[in-house]
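A.B. asks: Fold the following and give me the result.
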Amino acid sequence: MPGLLNGRTALITGTTGGLGSAIARRLAADGAAVALAHLDEDRAAAELTAQITDSGCTAIALGADLRDPESVRALCREAQEALGPINILVSCAGAYPRRTWPETTLAHWDEALATNLTSHYLLTHSLTPAMTAASWGRIITIGSVLATAGRHDLAGYISAKAGLEGLTRALARDLGPAGITSNCVAPGSIRVPAEDTVVDDPEAMTARQLARQCVQRRGRPEDVAAAVAFLATNDAGFITGQTLRVDGGWILG
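C.D. replies: Got it, this is the predicted structure:
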């Protein structure tokens, strides 16, 4: 059965994380040729690439530091040389630095914005010329419901994610006439392995989270991947400038 993304090419960042790897698998399964971007995770990226190619899909792994403009330009150039013009960007890479407000220096602030906001600008700016030439493109960024909800000790991260929603709307206006849509997927509490390294008591955290949600289970990376996959299709061609919360009803209204 033909996939909904057959003939499409996608660059996905943050692919060695729980969300990014699930998105990569889903888009590849739906027919897209995928470039898997990562930072200093050669082994994990190679394993994911092998899993995807062993299933009969097309995938390559590319290393890049998304905080560095030249590294981003090289990443986009190498991806397009290998796969052809990239027409789907899923900008998933980010960092979750927690520190109190008094401890947040200007250097910490700049790093949070460089990783969680400016990187998305660099990627989009490098890839939209090819999308514009083809009169078709999908820009999908991964935000966070915390941009709306707020949380202690995450001022830089939350500010960047809020800025990402603004960038999404701005790009929708600027790029819509060229046939390019721009949307943000904002996950809620998604169960990923990295959670165990930043939460002291995962079971207690889960109980608190379920009390906030309408859907009484933890989110899964595949839930986010399904939303991204839909926004990448032709069926979503009339949806742009939106933030889609995949959060089990945590944030309503």
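
A.B. asks: In terms of helices and strands, where is L75?
C.D. replies: L75 belongs to helix 69-83 when assigned by DSSP states H and E.

A.B. asks: Give me the contact list for stretch 146-156.
C.D. replies: 96-101, 104, 108-109, 111-113, 116, 157-158, 161-162, 164-165, 186, 250-251 (Cβ atoms under 8 Å, 6 or more residues apart in numbering). Glycine gets a C-beta too; all of them are placed from N, C-alpha and C.

A.B. asks: first vs last residue of it, how far apart are they?
C.D. replies: The straight-line separation of the ends of stretch 146-156 (Cα to Cα, to the nearest Å) is 12 Å.

A.B. asks: gap between it and the chain center?
C.D. replies: How far stretch 146-156 lies from its chain's middle: 18 Å, per Cα atoms, centre = their mean, to the nearest Å.

A.B. asks: Can you give me the buried ones in that stretch?
C.D. replies: L146, A147, T148, L154, A155, G156 (16 or more other Cβ atoms under 10 Å).

A.B. asks: repeat for stretch 178-190
C.D. replies: Buried residues in stretch 178-190 (16+ other Cβ under 10 Å): I180, T181, S182, N183, C184, V185, A186, P187, G188, S189, I190.

A.B. asks: The fourth one against G143, yeah?
C.D. replies: No - proximity of N183 to G143 does not meet the contact threshold set by Cβ atoms under 8 Å, at 9.9 Å.

A.B. asks: between these two, what contacts are shared?
C.D. replies: The contact sets of N183 and G143 overlap at T168, T243 (Cβ under 8 Å, 6+ apart).

A.B. asks: Can you give me the neighbour number for the nearest residue to T115 once chain neighbours are set aside?
C.D. replies: In this structure, T115 finds its nearest non-sequential neighbour in A95, 4.6 Å apart by Cβ to Cβ, 6 or more residues apart in numbering. Neighbour count of A95, defined by other Cβ atoms under 10 Å: 16.

A.B. asks: which stretches of the stretch 1-150 of the chain form strands?
C.D. replies: Along the stretch 1-150 of the chain, counting by DSSP state E, counting those that start in this stretch, strands occupy 9-12, 33-38, 59-63, 88-91, 137-142.

A.B. asks: Against L36, how distant is C76?
C.D. replies: Distance, C76 to L36, using Cβ to Cβ, to the nearest Å: 14 Å.

A.B. asks: Give me the more crowded residue out of these two.
C.D. replies: L36 (29 against 25).

A.B. asks: so R245 makes contact with I251?
C.D. replies: Yes - with contacts counted by Cβ under 8 Å, R245 reaches I251, the gap being 5.8 Å.

A.B. asks: So these two - more neighbours on which side?
C.D. replies: Using other Cβ under 10 Å, the more surrounded residue of R245 and I251 is R245, with 21 against 16.

A.B. asks: one step back: quick check, nearest of the buried residues of stretch 178-190 to A229?
C.D. replies: Relative to A229, the closest of the buried residues of stretch 178-190 is V185; by Cβ to Cβ it sits at 10.3 Å.

A.B. asks: For the closest one, give me its contacts.
C.D. replies: With Cβ under 8 Å, 6+ apart, V185 has these contacts: I140, T141, I142, G143, V224, A227, V228, L231, T243, L244, V246.
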